[in-house]
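[1] Mind folding the following:
(2 chains)
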2 protein chains.
Amino acid sequence: MRFQFELQATDGAARTGTIRTPRGDIRTPAFMPVGTAGTVKAMMPDDVRATGADVILGNTYHLMLRPTAERIAALGGLHRFMNWDRPILTDSGGFQVMSLAALRKLSEEGVRFSSHIDGSKHMLTPERSMEIQRLLGSDIVMCFDECPALPADERIVAESMRLSMRWAQRSRDAFGDRPGHALFGIMQGGVSRDLRQESAEALIAIGFDGYAVGGLAVGEGQETMFDVLDYAPGFLPDDKPRYLMGVGKPDDIVGAVVRGIDMMDCVLPTRSGRTGQAWTRRGAVNLRNARHRDDPRPLDAECSCPACQGYSRAYLHHVVRAEEMIGSMLLTWHNLHYYQELMAGLRGAIAEGQLAAFVARFHDLRAEGDIEPL
Amino acid sequence: MRFQFELQATDGAARTGTIRTPRGDIRTPAFMPVGTAGTVKAMMPDDVRATGADVILGNTYHLMLRPTAERIAALGGLHRFMNWDRPILTDSGGFQVMSLAALRKLSEEGVRFSSHIDGSKHMLTPERSMEIQRLLGSDIVMCFDECPALPADERIVAESMRLSMRWAQRSRDAFGDRPGHALFGIMQGGVSRDLRQESAEALIAIGFDGYAVGGLAVGEGQETMFDVLDYAPGFLPDDKPRYLMGVGKPDDIVGAVVRGIDMMDCVLPTRSGRTGQAWTRRGAVNLRNARHRDDPRPLDAECSCPACQGYSRAYLHHVVRAEEMIGSMLLTWHNLHYYQELMAGLRGAIAEGQLAAFVARFHDLRAEGDIEPL
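    Model prediction:
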């Protein structure tokens, strides 16, 4: 079975469809929980699935350092290693090596760096990134790319984008033909419309199974990000999935979907869950706050996740303050549940041509704020 | 419905039976996972139940300090607070206040101390301990007692035991008549047969729903503990449950059951699970050890827990080394599963009069050691 994307409905620029892979379907727009080092932190894989996730993301940078891609391959691949049999998308390591590794040196060839774990020396190139992602058994492989933090000088953004486009060709060549596996190109170009268009044309000329909008959510702010998303997805083919990397907060996600994005990933729901922060239909709730100490009500009375079904805000406050693991477990579960419920709502609204009403209700509920004080 | 104990079979000194409570039956011999601060660490309550636990233990000392017994009572009691609707046994706070609190001062009245969390000042007395355990909604309440670490001078042990017996009477008086709830006395007396007998007689004269053997597992070693257990349970009534507090390793548990103990609790399976240590039919396995790094085999091929069914030793090693929460979650689950499986095996063997053969097989498997190197 080959990798396929079926577009089922559109509503304005927004789209809903299904990515078909040998490991299962991915309903779009899709949010992908991040499973950095072979685990979606604080969650059992069956429970991640139960929240509605069709696909998770694995990080090439983390896994190549520990336990290593070769070890995972010898153990049967990442799916078997981490007990997740549905699709996995892996990033290329390009973004993380530039943000996490020590002593990194960028060249035409690739990036030489030292591990942040043990200082060991490594080299990531387009060819090595493709090899690692193949060893992991990734279903959706990302091109090796590079991007500057924003704001950045346009000349630097242009040079960086053109390097990424040369790496995209090398990634394509190294990936080869792997039926059932997809390779996605990554558009760069910062906040420049011309550079975005140039990047999209370069990628389309090479030809990919899907296209990511890279280089956003790197410090430019939501307004600037939406400005880029007002035109950038339009440079990409309609019949391929469009993936916005590293996004985001619930309102970022809604804004991106409205602008034609099909896939997203972000550490936010999982990371927030480990710091006592919950995301709900009514906005963010910080469970560390003393106002929850005596509150017998659930985090969200209308939510069907285990945290909201079984526990009071007072309990969540207690376990967050006491640094009990169940605090991280429950809030991560809730956050992933909420994110997937939001995606399901967006998909349904697009299918019914009701996206504008859905988005209006989304903003209205948040404007009402969290529940009343007791 | 009143608290009842039905003895169903004996095999030598060992017994199997059922404690009936309004919140459900407790099959004995029973192992009680410890839920210190309103959570069995790293586990969801439904999963604790799924391992086979009929009852869990809550700690008066921790809960009185945070979130406070009054707050838990206002929120509907400990069962509702922590989402566990089956029986809960609470300790009296006596042992933990002497081992954890700061600036503690022991008197005939009770123990004055400062919280290890925020330095706030508190007083625990038999009366206050009964009040806290009532506020928590505990099903099995423990007398407020005091015990010295072993080895200790026999005169000190005797004085301490007699203080605990006076506190036992005050606990009994303060507990009153609470149908469906049980109060257990705690035998003290260190390693002195005479003091143990004196303590048992004092408790029986007061009259309790069950009797604990206290003051063991406090540094005396397994051999000494078993020496005491060779005679101490015999001083207690046959028709009431006997609870050995704070025990223990799997071979401690087997030895205690053989000697007539019906209930036990220990942080070991949960605490070990958070430090990479697993307990199996073949003994302890340290997953941090590099020998597991490339091992595709499960921790125990015959174990039906999620850790053994879904993951390799290599994965467990990886997540323990990377300090991922799922390492603690999986190993805690495995350890509790193994402990409950051991208890079920002991109960079945006693019921069939096959305990000696069961114990021999238990020791044989452990003597064979962990699985072969790859």
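
[2] Tell me if I'm right that A:Pro233 and A:Arg242 touch.
    Yes. Counting by C-beta atoms under 8 Å, A:Pro233 does reach A:Arg242; the two are 5.3 Å apart. From N, CA and C alone the C-beta is placed, and that goes for glycine too.

[3] what about A:Asp238, how many residues close to it?
    Using other C-beta atoms under 10 Å in any protein chain shown, A:Asp238 has 12 neighbouring residues.

[4] I'd like to check which residues are in contact with it.
    Going by C-beta atoms under 8 Å, 6 or more residues apart in numbering or on different chains, A:Asp238 touches A:Leu7.

[5] Wait, a helix at it?
    No. Looking at A:Asp238 with DSSP: H, G, I helix; E, B strand; the rest coil, it is coil, so not inside a helix.

[6] what's the pLDDT at it?
    As predicted, A:Asp238 sits at a pLDDT of 97.

[7] ok, the closest residue to A:Glu70 other than its chain neighbours to B:Cys266 distance?
    The shortest distance from A:Glu70 to any non-neighbouring residue, by C-beta to C-beta, 6 or more residues apart in numbering or on different chains, is to A:Leu135 (6.3 Å). Remark: distance between A:Leu135 and B:Cys266 (C-beta to C-beta, to the nearest Å) = 42 Å.

[8] Neighbour count: those two, which is higher?
    Applying other C-beta under 10 Å to A:Leu135 and B:Cys266 shows that B:Cys266 carries more neighbours, namely 23 against 20.

[9] And the average pLDDT for whichever strand or helix holds A:Leu57 is what?
    Using DSSP states H and E, A:Leu57 sits in strand A:56-58. The average pLDDT within strand A:56-58 is 98.

[10] Check which helices and strands the very next helix or strand once past it sits against.
    For strand A:56-58, the following helix or strand on the C-terminal side (DSSP H and E) is helix A:60-65. Helix A:60-65 sits against helix A:69-74, helix A:94-100, strand A:121-124, helix A:126-136, with contacts defined as 3 or more C-beta pairs under 8 Å, 6 or more residues apart in numbering or on different chains; DSSP states H and E.

[11] and the second one, is it in reach of chain B?
    No. Counting by C-beta under 8 Å from any C-beta of the partner chain, chain B has no neighbours in helix A:94-100; the shortest distance is 14.1 Å.

[12] Show residues contacting that helix.
    A:59-62, A:104, A:106, A:111, A:113, A:116, A:124, A:129, A:144-147, A:167, A:214, A:245-246.

[13] what's the answer for the last one, then?
    The set of residues that contact helix A:126-136 without belonging to it, under C-beta under 8 Å, 6+ apart, is A:58, A:60, A:63-64, A:69-70, A:72-73, A:77-78, A:88, A:90, A:92-94, A:110, A:141-144, A:167-168, A:170-171, A:174-175, A:178.

[14] That helix: what's the following helix or strand?
    Of the helices and strands lying after helix A:126-136 in sequence (DSSP H and E), the nearest is strand A:140-142.

[15] from the contacts of helix A:126-136, which would you call buried?
    A:58, A:60, A:63-64, A:69, A:72-73, A:77-78, A:88, A:90, A:92-94, A:110, A:141-144, A:167-168, A:170-171, A:174-175 (16 or more other C-beta atoms under 10 Å in any protein chain shown).

[16] I appreciate the help and will end here.
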